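In: Coordinates for the following, if possible.
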Amino acid sequence: MNRRRIHSRLRIQFVALLMLMGMGSLGLRLWWIQVAHGAEWTAQLRGSSQATVRIPSVRGEIKDRNGLTLVQNRASYEVDFYLPEMVKGYRERFGSPPLTEYRATINGMPKDQKEPDIIKIVNGGIIPRLNDLDLARDYNSGKLQRHYRNDTEVPFSYIKDIDFPTMAKFSEHDVGLPGVDIAIKPVRSYVYGALGAHLLGYVGAPDDINREEARKFTFYQSDVEGKSNIEKSMDEYLRGKPGVRYLRRNAKGTIDGVLREDPPKQGANVFLTLDARIQAIAEEALRAVGRGAAVVVDPNNGNVLAMASVPSFDPNTFIPSIKAKDWKALQKDEADPLVNRAISALPPGSTFKLITAMAGLRKKLANARFNCSGGVSYGEHYFKCWVAEKHYTHGTLGLADAIKVSCDAFFYQYGNAAGIDSIDIIGKLMGLGEESGIHLTGEQAGNLPGPEWMQIHHPQERWSQAQTANVSIGQGYTLVSPLQLAMAYAAAANGGICYYPRFVDKVLNQDGSPALDENGKVAVLQTPRVRADLRNELSREQIDLVRKGLWKVVNEDGGTGGAARLKDVQVAGKTGTAQATDRGHKDTIAWFACFAPFENPKYVVAAMVQGGEHGGSVAGPIATRIIERALALDEGKFDMQVAWLSPAHKANPFQMIKGVTYAGGNVPSGDEENADDSQNADAQMASSDATPDVEPEADSQGKVRRRASVARAVPVATPAPRNFFQRLFGVRRQPVPAATPPPPTRRRGTR
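Out: Numbers count the residues shown, from 1 in each chain. Just a heads-up that it's a prediction; the model follows:
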């Protein structure tokens, strides 16, 4: 009996020991998890109970040299579809979603894949409810399907840039649909419409989504990127930094609040050397013609003050995306409004005689005199002077008078005496035949031909005196852009310093500090960039001899630039008329390059008109109107208002223009030179291959049949006081204002 009691006690004690050991090990495990590794598990728990939203960055502004804002941001209301949430909502209400098959390439092998038919889900469960509220819009179903397949993390923009009544209706009616949300996003606004359109550029959706970055967020909103010109070349500084919103999930996975938010940071502001008032003057003057360009530079530092091109376009049509029909219209326009003619290269005609003149002076030809008997023979070809058609000759001339009357026969002989090597040396010092490095896309380098160039591009031909004669008068294979020509004449104006053109003056962060590049250096230096100094090749007296000839062109009777004469200001310049081939069609190019005031030049202008009969009567008045008004602006005698501009476009841009006149008129033109058509070079038009964000037309499956509100068999979720995405992004229902829209408010973390 005693033994049984002892054994019973032992069993009880053994069981108690086991229980104590179990409780001890459980306590030890709890200590191990909660104390020793508590921080690790807490972090995991926090991570699994929150969602993240990427907030797009806000781009910096683009301003002129006086701080006038040319490009800024405005609030845009969009209706977005979060497609995964729509599929999830469909599955919760109706069960398995409809499926569609498609062929995909996996590991290099084609394979049939299945995915939810997002088009049926949208058309069956989303569009009917929107249609009841008169909020449904046509869309492109093919784009929707591709977006769901390739860009799941990114919301699909169903309606972009909606008007205020539509936005108010969304705010008034809680649509009660999963995955449907109103977002307010910052989009670009080009304040003055077409003013400077070829310079500022435009933005659009990125060509590729950064998948690795997108996977870091529950919901992803991408930044826009610059597609052309300043928007593109300065994109890394304008773009800014995105923000993040951290959202709290409850035990059921529903988002019920915001934990915290790291707001986005606005990008740096880009200040241009451009003067918006002078830009407006140039654009107004240039609208007298259908196709042309004008460039205004400061000869004392190389700053580009204005650069205009016609026809033009309104970059706001690209924001937030351009309609397919509008994009097709721009592409089909034979006048090419997207082309920046200011950086396109065309034969310069007699304006090139500036370079030939300096090349001869480099070879000690200051006192050389040549006779014009109506033309000069080289080999089997007889090169006529333009006066031959007028049945007289120029006679024997020196350099200054040859520039004044633009004698071709003189420059045929003078150019050959100087030699093509000397011509090319001077041309290269002035920046001809190569890109300038200006912050604009599509710039053409032009062409400065010579024996080496001929061996590469036309190996079947040999360089000859005839080729040199053609180059000497700016014909043949010679191609120059209005920007390059303006910089060449700036060197003549300032006495011999060849500058690189400067277009971006400075880049400042929002706190006013200079933006830095990837190497930690100031992104843009506010100092002129000198390309070369002609005074190392020529004396001051030689340069003044060329300047004297340019003065005679405008101010003495018999000069070819008499139409550019002004009453109170001495202008010096050079006319030019050339023949070119533009995409298989012959074209006459009228030029005038000038500077003023003669003694202390402040402005250099190069004007080019395609389809202009003569440089003096067509391009000359354009250039001097710009100079006259710019100088009057400086003196306080003229006030050019910077205002919204509609795109420049002539009904018949290919019509030949005999002359340009403005109110007040110009001095009647002197003798007009004609273009030499012995050899027509192919124009190099600035490329406009930027790919915008094109909004495709609605297709058959995306067409909405609008009808009266009726009861539907398909159940719709009961509207709740605040839907999923209202809770997700902190958006509250808003009453409809009485008349005017409210000031933009922050949603989705944008500003």
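
In: which residues of the stretch 401-550 of the chain fall in strands?
Out: For the stretch 401-550 of the chain, applying DSSP state E, counting those that start in this stretch gives strands covering 497-499, 504-508, 530-533.

In: so can I have TSV of these showing mean neighbour count?
Out: Just so you know, the C-beta spots here come from the backbone N, C-alpha and C atoms, and that holds for glycine as well. Shown next, in TSV, are these (neighbours: other C-beta atoms under 10 Å):
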stretch	mean neighbour count
strand 497-499	21
strand 504-508	20
strand 530-533	16
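
In: May I ask you to confirm that residue 258 is in contact with residue 53?
Out: No - look at residue 258 against residue 53 with C-beta atoms under 8 Å: they stay out of range, at 9.5 Å.

In: Need the residues touching each of these two.
Out: Shared contacts of residue 258 and residue 53 (C-beta atoms under 8 Å, 6 or more residues apart in numbering): 245, 247.

In: Mind exporting the C-alpha coordinates of the strand or helix carrying residue 376 to CSV?
Out: Assigned by DSSP states H and E, residue 376 falls within strand 375-378. These are the backbone C-alpha positions of strand 375-378, laid out as CSV (Å, rounded to 0.1, in the frame of the first residue of the first chain):
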residue,chain,number,x,y,z
GLY,A,375,30.9,86.5,-114.4
VAL,A,376,34.0,84.2,-114.1
SER,A,377,34.8,80.9,-115.8
TYR,A,378,36.2,77.9,-113.9
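
In: Just after it, pick out the following helix or strand.
Out: Taking DSSP H and E, what comes next after strand 375-378 is strand 381-384.

In: Buried residues of that next one, list them for me.
Out: 383-384 (16 or more other C-beta atoms under 10 Å).

In: List the pairing partners of that strand within its sheet, with orientation.
Out: Applying DSSP bridges, strand 381-384 is found paired with strand 375-378 (antiparallel).

In: Next, count neighbours for the closest residue to residue 87 other than its chain neighbours.
Out: Distances taken as C-beta to C-beta, 6 or more residues apart in numbering put residue 116 closest to residue 87, at 4.9 Å, once the chain neighbours are dropped. By the measure other C-beta atoms under 10 Å, the count of residues near residue 116 is 20.

In: Is residue 605 located within a strand, as I assumed?
Out: Yes - according to DSSP: H, G, I helix; E, B strand; the rest coil, the state of residue 605 is that of a strand.

In: mind checking how far it is from residue 278?
Out: 10 Å (C-beta to C-beta, to the nearest Å).

In: for stretch 86-99, what is the average pLDDT?
Out: Averaging pLDDT along stretch 86-99 gives 86.

In: How about it, which residues are buried there?
Out: Those buried within stretch 86-99 under the rule 16+ other C-beta under 10 Å are 86-90, 97.

In: Just give me the closest of these to residue 564.
Out: The closest of the buried residues of stretch 86-99 to residue 564 turns out to be residue 86 (C-beta to C-beta; 65.9 Å).

In: Which secondary structure state is assigned to the closest one?
Out: helix.

In: re the thing from before, the more surrounded of residue 605 and residue 278?
Out: Comparing residue 605 with residue 278 by other C-beta under 10 Å, the one with more neighbours is residue 605, at 32 against 25.

In: can you tell me which residues contact the more buried one?
Out: 294-296, 486, 592-595, 623-624, 626-627.

In: Give me the distance between it and residue 556.
Out: Relative to residue 556, and taking C-beta to C-beta, residue 605 is found at 20 Å.

In: again with residue 237
Out: For residue 237 relative to residue 556 (C-beta to C-beta), the value is 50 Å.

In: swap in residue 473?
Out: Noted for residue 473: a distance of 21 Å to residue 556, by C-beta to C-beta.

In: now residue 578
Out: From residue 578 over to residue 556 the distance is 24 Å, taken as C-beta to C-beta.

In: Show me the shaky parts of the stretch 1-150 of the chain.
Out: The stretch 1-150 of the chain contains residues with pLDDT under 70 at 1-7, 37-49.

In: quick one on the thing from earlier: got CSV for the strands of the stretch 401-550 of the chain, with distance to residue 315 and mean pLDDT too?
Out: As requested, the strands of the stretch 401-550 of the chain are arranged in CSV below (distance: least, C-beta to C-beta, whole Å; pLDDT from 0 to 100):
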stretch, distance to residue 315, mean pLDDT
strand 497-499, 29, 98
strand 504-508, 18, 97
strand 530-533, 31, 97
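
In: Nearest to residue 287, out of the ones you listed?
Out: Residue 287 lies closest, by C-beta to C-beta, to one member of the strands of the stretch 401-550 of the chain: strand 504-508, at 26.4 Å.
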